[in-house]
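Colleague: Curious how this folds, go ahead:
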Amino acid sequence: MNENHFIGPEAIIEKKKKYIMPCLAHFYQNPQEMVKGSMQYLWDSNGKKYLDCYAGVSVMNCGHCNPEITEPMKAQIDELQHVCNIYLTENFVNLAERLAEVTPGDLQKCFFCSTGSEATEGALLLAEVYNGNSEIIALRQGLHGRTKLGMSVTGLTMWRTAPTPVGGIHFAPNPYCYRCPLGKKPDTCDLACANAIEDIVKTATSGHPGAFIAETIQGNAGIVVPPKGYFHRVKEILAQYGTLLIVDEVQTGFARTGKMFAIENYDVTPDIMCMAKALGNGAPISCFISTAKIADTYTRPGASTLGGNPVSSTAGLAVLDYIEKHDLCKNADERGKQLRSGLRDLQTRHGVIGDVRGLGLMDGAEFIHTDGTEAPELLDDVLEEMKDRGYIIGKNGAGRNVMAFQPPLVITEQNVNDVLGELDRVLTEKHL
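Modeller: A predicted model of the protein is given here:
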């Protein structure tokens, strides 16, 4: 790696100021220029190596520049790169067939696009086409994309750029057990957050809303993991009113939680499911999938110019092969249990960690002050130090105070021990 030909972080920041819209921020007070990746590792323009514990925000599940993914893509580029799906090509129908096999229940028919935002937008459109009703119920602190409608069903203020959201959307309390929006305790709440959805249907809608949309685990809300019976109760309620359940698996899909899709941890089949990010392992591809009964109502013309193009579809097929061949579900489950156990051990010795939660390798540690309030400034300081010591870790949460672990699913037992050990040292040195 020739370090001399990189312009470096300062020059990139200057170009960003001049040529990139200011809405696009970046992590860290002293950011680095990333120039190389290999499986669970990254390198910057100075040759420094990092253990990546965020995977490009839950994208690189199979690892950076994984040759078992990139080699088939390179071969496809040499043969056919793009003709648009108005012409017949093979890869995208083969990928749709594979997705029908690995998704839960009777989900069967796909629509391919390029981004998670497009997938959630398309899923909401399909629900309206099928149900004849555009009313939507979403969750507080959810995040569903950067399109106008996607932002409108997003329940996080910082991500709702548009000052005038789309109408006909109602928000239910999210299943955030550590900071319950209803002031309940998990062992006695009787899933009050789920029951609140029925009150919303009865009092704020026409009585027949088209769809309810939720992430299986709310990533940007701070790795908010619903209690075990939550989605069962939700689906029971929705069924009474003919409302479709849309599950957003954009961050949680493709083995991240120890199952191919996180909703499988809840033994519930959605009516429509959205996926993106890890499906392409860095290639731009997304999809929403539904049952034949629902999907077959989408008959008016619909298209996505780059949706399911030959190269991205090749990546998707290679991803599914790699996950199965290397049993990434098992590794995500085992390493996730190791990570959460280690974080809970740190929690007993470092008061700054108020809560640890997650499934598989989608895990969060919530940073708090001694009075229990959110501590984003303490988290930022720790993340900066961890970066300087060679560990890239994410952050999220409504208060931006949750340390987020969403690493490539190829990380090892030693990798997890290393990051836990370094985090322990940093927290000790900072007296947290």
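
Colleague: how about the closest residue to I285 other than its chain neighbours, what does it touch?
Modeller: Leaving aside its chain neighbours, I285 sits nearest to S312 (3.8 Å; criterion: Cβ to Cβ, 6 or more residues apart in numbering). Quick note: C-beta positions are derived from backbone N, CA and C, even for glycine. Counting by Cβ atoms under 8 Å, 6 or more residues apart in numbering, S312 touches S114, G280, A283, P284, I285, L306.

Colleague: Can you get me a residue count around the nearest residue to L182 once chain neighbours are set aside?
Modeller: Spatial nearest neighbour of L182, chain neighbours left out: A192 (5.1 Å); criterion: Cβ to Cβ, 6+ apart. As a burial measure, A192 scores 15 neighbours (other Cβ atoms under 10 Å).

Colleague: quick revisit: mind telling me what element the residue nearest to I285 is part of?
Modeller: Here S312 sits within helix 310-325, counting by DSSP states H and E.

Colleague: what about dumping the CA coordinates of that helix to PDB?
Modeller: Backbone C-alpha positions of helix 310-325 (Å, rounded to 0.1, in the frame of the first residue of the first chain) are rendered in PDB as follows:
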ATOM      1  CA  PRO A 310     -26.400  -8.400 -12.900                       C
ATOM      2  CA  VAL A 311     -23.400  -7.400 -10.700                       C
ATOM      3  CA  SER A 312     -25.300  -6.600  -7.500                       C
ATOM      4  CA  SER A 313     -27.400  -9.800  -8.000                       C
ATOM      5  CA  THR A 314     -24.200 -11.800  -8.300                       C
ATOM      6  CA  ALA A 315     -23.000 -10.200  -5.000                       C
ATOM      7  CA  GLY A 316     -26.300 -11.200  -3.400                       C
ATOM      8  CA  LEU A 317     -26.000 -14.800  -4.500                       C
ATOM      9  CA  ALA A 318     -22.400 -15.000  -3.300                       C
ATOM     10  CA  VAL A 319     -23.400 -13.500   0.100                       C
ATOM     11  CA  LEU A 320     -26.000 -16.200   0.600                       C
ATOM     12  CA  ASP A 321     -23.500 -18.900  -0.400                       C
ATOM     13  CA  TYR A 322     -20.900 -17.500   2.000                       C
ATOM     14  CA  ILE A 323     -23.300 -17.200   4.900                       C
ATOM     15  CA  GLU A 324     -24.300 -20.900   4.500                       C
ATOM     16  CA  LYS A 325     -20.900 -22.300   3.700                       C
END
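
Colleague: buried stuff in it?
Modeller: 310-320, 322-323 (16 or more other Cβ atoms under 10 Å).

Colleague: Packing partners of whatever helix or strand comes next after that helix?
Modeller: Counting by DSSP H and E, the element after helix 310-325 in chain order, helix or strand, is helix 328-349. Judged by 3 or more Cβ pairs under 8 Å, 6 or more residues apart in numbering; DSSP states H and E, helix 328-349 is in contact with strand 353-359, strand 362-367, helix 413-429.

Colleague: Show me what the mean pLDDT comes to for the second one.
Modeller: Throughout strand 362-367, pLDDT has a mean value of 98.

Colleague: between the helix or strand following it and strand 362-367, how many degrees?
Modeller: Downstream of strand 362-367, the first helix or strand assigned by DSSP H and E is helix 376-388. Computed by axes from the mean of the first three to the mean of the last three Cα atoms, to 10 degrees, the angle separating helix 376-388 from strand 362-367 equals 120 degrees.

Colleague: Could you export helix 376-388 as CSV, CA atoms only?
Modeller: In CSV, the C-alpha atoms belonging to helix 376-388 read as follows (Å, rounded to 0.1, in the frame of the first residue of the first chain):
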residue,chain,number,x,y,z
PRO,A,376,-23.1,11.2,24.7
GLU,A,377,-20.1,13.3,25.4
LEU,A,378,-18.5,10.5,27.5
LEU,A,379,-19.2,8.1,24.7
ASP,A,380,-17.7,10.3,22.1
ASP,A,381,-14.5,10.6,24.2
VAL,A,382,-14.3,6.8,24.6
LEU,A,383,-14.9,6.2,20.9
GLU,A,384,-12.2,8.6,19.9
GLU,A,385,-9.7,6.9,22.2
MET,A,386,-10.7,3.5,21.0
LYS,A,387,-10.2,4.6,17.4
ASP,A,388,-6.7,5.9,18.2
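
Colleague: Take the helices and strands packed on helix 328-349 and write them to a markdown table, including distance to R179 and mean neighbour count.
Modeller: Converted to a markdown table, these look like this (distance: least, Cβ to Cβ, whole Å; neighbours: other Cβ atoms under 10 Å):
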| stretch | distance to R179 | mean neighbour count |
| --- | --- | --- |
| strand 353-359 | 9 | 21 |
| strand 362-367 | 9 | 27 |
| helix 413-429 | 22 | 16 |
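
Colleague: I'd like the ones you listed written out as JSON lines, with distance to V382 added.
Modeller: Output for the helices and strands packed on helix 328-349, formatted as JSON lines (distance: least, Cβ to Cβ, whole Å):
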{"stretch": "strand 353-359", "distance to V382": "10"}
{"stretch": "strand 362-367", "distance to V382": "8"}
{"stretch": "helix 413-429", "distance to V382": "6"}
